[in-house]
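**Student:** Any chance you can model this:
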Amino acid sequence: MTTEHARLTEELRRLRARTGLSLAALSERTTYSKSSWERYLNGKSLPPRQAVQELCREADEPGGRLLALWEIAESSWSGRAAAPAPAPAPAPAPPAAASAAEEPRPPETGRPRRRRGRLMVVLASAYALLAGGVALALVLLPDGDAPGDESLPASAPYSLAAQCRAEDCEGRDPMRLVCGIAPDTLATYRTATGARVELRHSEKCGASWARMWGTRIGDRLEITAGGPDHGVRVKDSAGTETYVYTEMTAAQSGGTVRACFSPASADGERECVEARVGESTATPAPPSRR
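**Tutor:** Numbers count the residues shown, from 1 in each chain. Predicted coordinates:
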């Protein structure tokens, strides 16, 4: 199993766990059999694109990120990603000088030209691998535009190391600072309007943030961990079709993180949910409407 296929399998298992459906129930609600889902969720075979779409639908999950991950896994599975980039055609030789006074050049042995050709193939292949690695890192990040206008550090696209830690992450973008790769989910909550809210935490960054999806224009989400509040609002229709997430707040193990969702409708109630860092597998505190 390739790394990309393993990552896709892990995400599909997470979605299936969220639905609470058994394999038999999942087969009844989709166009794929129980045995097919067993192979897909155990990594024995790569699922079709439609299977990923149907599982996202059952889990009420935006499909963009998972389908992009499927594209990469399928490319690696089929071997298309391993094909080296073709070497550029050699430049045409300049026309020979017609002057008889030109000093004759020694005859070419052919060895330098073959060496240059091999070098170009190696460089082209290395460039393709580097570009593929950068694309994979970007695809694994959640969908959606980042709040704020902080510029991306020049080193961020080429490194998976965290770009900030604890208080240095306060009020900053989790995706741009590479904290959004493989974070912990502290709590997931469905609001009265049907929107989903998740509390997320990055141990390597020592910071938490919240994200929402299935929203409406004007919905607002805020997060705090005992320090400053950080909020984000759904501004347009594009935001209703993907994740919208807050900036980060410093949060250490054992600390409590709290997210509050405010619907756009004037008569809607504010709903809050909280969880303790380091207890992501525990049941979060019941949501409050205040």
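**Student:** can you pull the contacts of the closest residue in space to residue 206 that isn't next to it in sequence?
**Tutor:** Nearest residue to residue 206, sequence neighbours excluded (C-beta to C-beta, 6 or more residues apart in numbering): residue 166, at 3.9 Å. Quick note: C-beta positions are derived from backbone N, CA and C, even for glycine. In this structure, residue 166 makes contact with 205, 206, 207, 250, 252, judged by C-beta atoms under 8 Å, 6 or more residues apart in numbering.
**Student:** can you put the residues you listed in JSON lines and add secondary structure, distance to residue 267 and pLDDT?
**Tutor:** Output for the contacts of residue 166, formatted as JSON lines (DSSP: H, G, I helix; E, B strand; the rest coil; distance: C-beta to C-beta, whole Å; pLDDT from 0 to 100):
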{"residue": "205", "secondary structure": "coil", "distance to residue 267": "38", "pLDDT": "93"}
{"residue": "206", "secondary structure": "coil", "distance to residue 267": "39", "pLDDT": "93"}
{"residue": "207", "secondary structure": "strand", "distance to residue 267": "34", "pLDDT": "95"}
{"residue": "250", "secondary structure": "strand", "distance to residue 267": "35", "pLDDT": "95"}
{"residue": "252", "secondary structure": "coil", "distance to residue 267": "38", "pLDDT": "88"}
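**Student:** Which of these ranks first by neighbour count?
**Tutor:** Using other C-beta atoms under 10 Å as the neighbour test, these are led by residue 207, with 32 neighbours.
**Student:** Let me see the contact set for that residue.
**Tutor:** 164, 165, 166, 169, 170, 174, 179, 201, 248, 249, 250, 251 are the contacts of residue 207 under C-beta under 8 Å, 6+ apart.
**Student:** Just give me the neighbour total for the last one.
**Tutor:** This means residue 251. So residue 251, with other C-beta under 10 Å, has 28 neighbours.
**Student:** can you tell me how far it sits from residue 16?
**Tutor:** 28 Å (C-beta to C-beta, to the nearest Å).
**Student:** residue ranges for the helices of this structure, please.
**Tutor:** Assigned by DSSP state H, the chain shows helices spanning 3-19, 23-29, 34-41, 49-58, 64-78, 111-139.
**Student:** Quick one: list the elements packing against the fourth one.
**Tutor:** Contacts defined by 3 or more C-beta pairs under 8 Å, 6 or more residues apart in numbering; DSSP states H and E place helix 49-58 against helix 3-19, helix 23-29, helix 34-41, helix 64-78.
**Student:** With only the CA atoms kept, save the longest one in PDB.
**Tutor:** If I follow you right, that is helix 3-19. Once non-C-alpha atoms are left out, helix 3-19 reads as follows in PDB (Å, rounded to 0.1, in the frame of the first residue of the first chain):
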ATOM      1  CA  THR A   3       1.600   6.300   1.500                       C
ATOM      2  CA  GLU A   4      -1.100   8.100  -0.300                       C
ATOM      3  CA  HIS A   5      -3.400   5.100  -0.300                       C
ATOM      4  CA  ALA A   6      -2.800   4.600   3.500                       C
ATOM      5  CA  ARG A   7      -3.700   8.200   4.100                       C
ATOM      6  CA  LEU A   8      -6.900   7.900   2.100                       C
ATOM      7  CA  THR A   9      -7.900   4.700   3.900                       C
ATOM      8  CA  GLU A  10      -7.400   6.400   7.300                       C
ATOM      9  CA  GLU A  11      -9.700   9.300   6.300                       C
ATOM     10  CA  LEU A  12     -12.300   6.900   4.900                       C
ATOM     11  CA  ARG A  13     -12.300   4.900   8.300                       C
ATOM     12  CA  ARG A  14     -12.700   8.200  10.100                       C
ATOM     13  CA  LEU A  15     -15.700   9.100   8.000                       C
ATOM     14  CA  ARG A  16     -17.300   5.700   8.400                       C
ATOM     15  CA  ALA A  17     -16.900   5.900  12.200                       C
ATOM     16  CA  ARG A  18     -18.600   9.300  12.200                       C
ATOM     17  CA  THR A  19     -21.600   7.800  10.400                       C
END
